[in-house]
Each structure stands twice: as C-alpha cells, then as structure tokens.
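Enquirer: output the structure for:
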Amino acid sequence: MRRWTGCVLTALALWCTHAGAACELPSPRDPAKSAPVYRVVMGPSWAGFDARAFMHDFAGRTPQIEGTIRVSDADRLSDAEACIRMDAASLDTGNSTRDGIMRNDHLETARFPTIDFLLKAVDGVTRQGETWEFTATGMLSLHGVNREIRFALRARQEGETVRLTGRLPLRMSDYGIRTPRLLFLAVDDEVMVSFDLIVKRAQP
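Expert: Numbers count the residues shown, from 1 in each chain. Predicted coordinates:
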C-alpha cells in the first residue's frame with residue numbers, strides 16, 4: 001500500500017521537451033537505492049481541454065499519453081521524478097475542420113508535436129483512505145514555450161493501478177498560441193485542462 005504513495009504523488013504530471021523521443025527519466029540519482037518505475041497505461045488514460053466561446057463551447061481530448069514515474073522512498077517524496085508526454089496532434093474535438101485549424105494554425109503540431117510535463121516537486125500531501133490529494137510543481141512545455149506550473153491533484157488506488165485526476169487553467173497567450181476565432185467570435189484565452197491517468201508499476 002505504501003509503495004503507491006510515491007507513485008500517487010508524482011504521476012501527474014499533463015507533459016519532457018524533446019519532441020519525438022520517448023518520455024524517459026534520467027538515470028537514478030542514487031543507483032544504490034531501489035527505485036520502482038511506474039508507467040502511464042495508454043488507452044484508458046486521457047487528457048484534454050475545455051474552451052469557451054460565445055454560444056459555442058467545445059472540448060478536445062486525446063488518449064495518446066505516455067509517462068514514466070520513479071520514486072525511491074514513499075516517505076521521501078522530494079526525490080520523486082516524473083515525465084509525462086501527450087501527443088498534441090491527436091487532440092480531437094469531434095469536428096475535423098476545427099481540428100485541422102487547431103493543429104495547423106494554433107498548436108502548430110508539425111513544429112511542436114508534443115505537450116510535455118517534467119515534475120520538479122510535490123507538496124501538501126494529505127490522505128483519506130485510499131485517496132491522496134497533493135500539489136505538483138513542474139515545467140510544462142507547450143508550443144515551444146517552457147513555463148513552470150503548479151496545480152492540485154487527486155489520486156486513488158484501484159487494485160494494482162492508481163488513478164490520477166486533476167484540472168488546471170491555462171492561458172493560450174502564455175504559450176504564444178493565437179486565440180482561435182469561430183467566424184467572428186473569439187474563443188476565450190483561458191482554457192481548462194483536465195486529465196485522467198491510470199498508472200501501473202512496470203515489470204523489471
């Protein structure tokens with residue numbers, strides 16, 4: 001049970017910065033210590049956003065997420081490491097025309113194919129039963145811009161997996177993304193990013 005605490009606290013993570021490479025962590029800081037590795041289960045995991053426009057709200061989602069998590073000691077979460085990556089070009093809003101514009105003109109996924117998060121710290125950990133709540137701080141790489149973000153997470157142990165969920169607001173202009181327009185109506189600059197990740201311990 002305790003081994004999941006570290007996994008729970010580090011996994012979020014909506015996202016490394018090297019396009020095309022796998023989302024892998026560097027070698028352990030202390031090779032002498034055993035550090036279990038956990039990975040995001042692609043398929044049931046997803047991340048996406050909700051956008052607002054006058055009389056025309058819409059959402060985008062993708063299940064194309066990978067991630068690697070490592071923690072050497074569940075009682076020393078300052079040593080936790082996590083890297084989460086999302087395939088930006090797979091975001092789907094249910095409208096192919098809108099998707100093409102979003103990918104080509106706004107996210108520019110040919111130049112910036114992934115959205116990455118590299119964990120830097122966790123704090124504010126609380127637990128009630130099989131549910132943990134905590135705060136993650138890390139570097140978000142989106143549209144060629146790297147910015148530190150901080151957000152709250154909730155995790156729940158479900159058998160051999162842990163489910164991580166959270167929401168955080170992001171301003172497109174902070175990442176150099178032009179505000180989309182639908183006909184003559186502009187989409188709000190701020191979007192709400194959400195995620196639902198399933199993580200499982202990797203086999204040795």
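Enquirer: elements contacting the helix or strand harbouring Thr68?
Expert: Using DSSP states H and E, Thr68 sits in strand 65-70. Packing partners of strand 65-70 (3 or more Cβ pairs under 8 Å, 6 or more residues apart in numbering; DSSP states H and E): helix 2-10, strand 37-40, strand 81-87, strand 190-201. Just so you know, the C-beta spots here come from the backbone N, C-alpha and C atoms, and that holds for glycine as well.
Enquirer: mind checking the pLDDT average for it?
Expert: In this model, strand 65-70 carries a mean pLDDT of 89.
Enquirer: what pairs with it, and is each one parallel or antiparallel?
Expert: strand 37-40 (antiparallel), strand 81-87 (antiparallel) (DSSP bridges).
Enquirer: next secondary structure after the shortest one?
Expert: Okay, so that is strand 37-40. By DSSP H and E, the next helix or strand past strand 37-40 is strand 46-51.
Enquirer: can I get that next one in CSV, CA atoms only?
Expert: Below are the C-alpha coordinates for strand 46-51, written out as CSV (Å, rounded to 0.1, in the frame of the first residue of the first chain):
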residue,chain,number,x,y,z
TRP,A,46,-6.6,10.6,-21.4
ALA,A,47,-6.0,14.4,-21.2
GLY,A,48,-7.8,17.3,-22.8
PHE,A,49,-9.2,20.8,-22.6
ASP,A,50,-12.5,22.7,-22.4
ALA,A,51,-12.7,26.0,-24.3
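Enquirer: given it, what are its sheet partners and their directions?
Expert: Partners of strand 46-51, by DSSP bridges, with direction: strand 58-62 (antiparallel), strand 190-201 (antiparallel).
Enquirer: any idea how far Gly129 is from Phe112?
Expert: Using Cβ to Cβ, to the nearest Å, we find Phe112 at a distance of 40 Å from Gly129.
Enquirer: this completes my enquiry, with thanks.
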